[in-house]
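Participant: Sharing a model that was predicted from the sequence below.
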Amino acid sequence: MWPTDGAAEMPDDNRMPALLDVFKLIICDARCLEEGTSLQDAYDAQLREEELQTPTERAREIVRCEIEKTARRNARLIIPHLEHISPDELTQMERNKGDTIKAIWKQIAPPPPAWIQQIVDSQQPWGFVFYKSREVERKFGYDWYDVWGEIKDYLSEDDALRRHFKDYKESLSSPGFLRNTFIMINDQCIPEDIRRNNRQDIDDFWVWAYDADWEPSADITVSNGDEYRGRVRVPLYSLNAWFYGARYEGVVSLKDMWLKAQTDPEKLWICRSKLMESWHHESYI
């Protein structure tokens, strides 16, 4: 049942409870309140249980799904701000259909990493330059001569792409396109049943990410029988996420990212976001 204290009472017109009460109810897991118990009492009791880490609260935390955990975290951030707003202002916020809440959230939400903020502020294209290998271009491409016709056949494919990218990157107009990394799709990246795949299979796809400035040296790095050749496998779902961030920031080398990938069964560089920690992620290396 809905709480029966003051503004939180469910009126005859079925209007939702007052805005502040909604967030307090989220903290209380949207549980039905016992007869005669106010929402504020239930909210205070919930905070005490969390502070004491009672067996009941520990059990609740185990069964909460990630969506519920995220909602409760957000409610914790916004409640202190709403508690300092007058009832009249809260009523006006309800009439604004959430616009005011969005404005408050923008002020209190954890700021994004610098590379994301740069993308938002610049409003310019961003990402990587993509190449298809000779074999993939022959099978699936339409401009083989436009691209590979300019590249000398006597060069290895990797060397040819690096040499081409070295000149091509000078023509990139947006700073959002990385100059230290390019992407190559070869026949290894394309499943044999590609014609039957659909967008739900995106987790199965990966690409080669190249260090544009890498050069062979006498100092060879080997891991699990594989030699580092200035490139690493990256799943598509990581490419325009933390991989872009890592290469944009330039704080770690692609070789160290490759060494991390060697610990993955598929030898993919994977970096997942940390749940409940806004803009935090696993280690790049």
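Facilitator: Nice, I can see it. Numbering: from 1, shown residues only.

Participant: just for the stretch 151-285 of the chain, where's the confidence low?
Facilitator: For the stretch 151-285 of the chain, the stretches flagged by pLDDT under 70 are 151-155, 193-203, 218, 276-277.

Participant: Residue 278: what secondary structure?
Facilitator: Assigned with DSSP: H, G, I helix; E, B strand; the rest coil, residue 278 falls in the coil class.

Participant: Burial check on the residue lying closest to it once chain neighbours are set aside, number of neighbours?
Facilitator: Closest residue in space to residue 278, ignoring its immediate chain neighbours: residue 110 at 4.0 Å, by Cβ to Cβ, 6 or more residues apart in numbering. (C-beta placed from N, C-alpha, C; glycine too.) Per other Cβ atoms under 10 Å, the neighbour tally for residue 110 reads 9.

Participant: tell me which element residue 110 is part of?
Facilitator: Per DSSP states H and E, residue 110 falls between elements, in no helix or strand.

Participant: So it sits against residue 116, correct?
Facilitator: No. Counting by Cβ atoms under 8 Å, residue 110 sits too far from residue 116 to count as a contact (11.5 Å).

Participant: any residues in contact with both of the two?
Facilitator: Common neighbours of residue 110 and residue 116, counting by Cβ atoms under 8 Å, 6 or more residues apart in numbering, are residue 279.

Participant: Quickly list the domain ranges of this structure.
Facilitator: According to automatic domain parsing, the chain comprises the domains 6-108, 114-261.

Participant: For residue 282, which of these is the nearest?
Facilitator: domain 114-261 (8.0 Å; Cβ to Cβ).

Participant: quick one: terminal-to-terminal distance for that closest one?
Facilitator: 25 Å (Cα to Cα, to the nearest Å).

Participant: can you give me how far that domain is from the chain middle?
Facilitator: Relative to the chain's own centre, domain 114-261 is displaced by 19 Å; criterion: Cα atoms, centre = their mean, to the nearest Å.

Participant: Sketch out the strands for the stretch 51-200 of the chain, chain order is fine.
Facilitator: With DSSP state E, counting those that start in this stretch as the criterion, the stretch 51-200 of the chain has strands at 126-132, 176-185.

Participant: need these in JSON lines with mean neighbour count, can you?
Facilitator: JSON lines is the format used below for the strands of the stretch 51-200 of the chain (neighbours: other Cβ atoms under 10 Å):
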{"stretch": "strand 126-132", "mean neighbour count": "18"}
{"stretch": "strand 176-185", "mean neighbour count": "19"}
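
Participant: Including distance to residue 162, could the ones you listed go into JSON lines?
Facilitator: Below are the strands of the stretch 51-200 of the chain laid out as JSON lines (distance: least, Cβ to Cβ, whole Å):
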{"stretch": "strand 126-132", "distance to residue 162": "10"}
{"stretch": "strand 176-185", "distance to residue 162": "8"}
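
Participant: With residue 19 as the reference, name the closest of those strands.
Facilitator: Closest of those to residue 19 is strand 126-132, at 36.5 Å (criterion: Cβ to Cβ).

Participant: What mean pLDDT does the closest one get?
Facilitator: The average of the pLDDT scores along strand 126-132 is 92.

Participant: List the strands paired with it, with their directions.
Facilitator: Strand 126-132 has its sheet partners listed here by DSSP bridges as strand 176-185 (parallel).

Participant: partners of the helix or strand that comes right after the strand it pairs with in the sheet?
Facilitator: For strand 176-185, the following helix or strand on the C-terminal side (DSSP H and E) is strand 206-211. Using DSSP bridges, the strands paired with strand 206-211 are strand 176-185 (antiparallel), strand 231-235 (antiparallel).

Participant: Identify the residues contacting the shortest one?
Facilitator: By Cβ under 8 Å, 6+ apart, the residues outside strand 231-235 that reach it are 158, 184, 203, 205-211, 214, 243, 254, 257-258, 261, 266-270.

Participant: where do the helices sit along the stretch 1-150 of the chain?
Facilitator: In the stretch 1-150 of the chain, the helices defined using DSSP state H, counting those that start in this stretch lie at 19-27, 39-52, 55-63, 66-82, 87-95, 99-108, 114-122, 134-140, 144-147.
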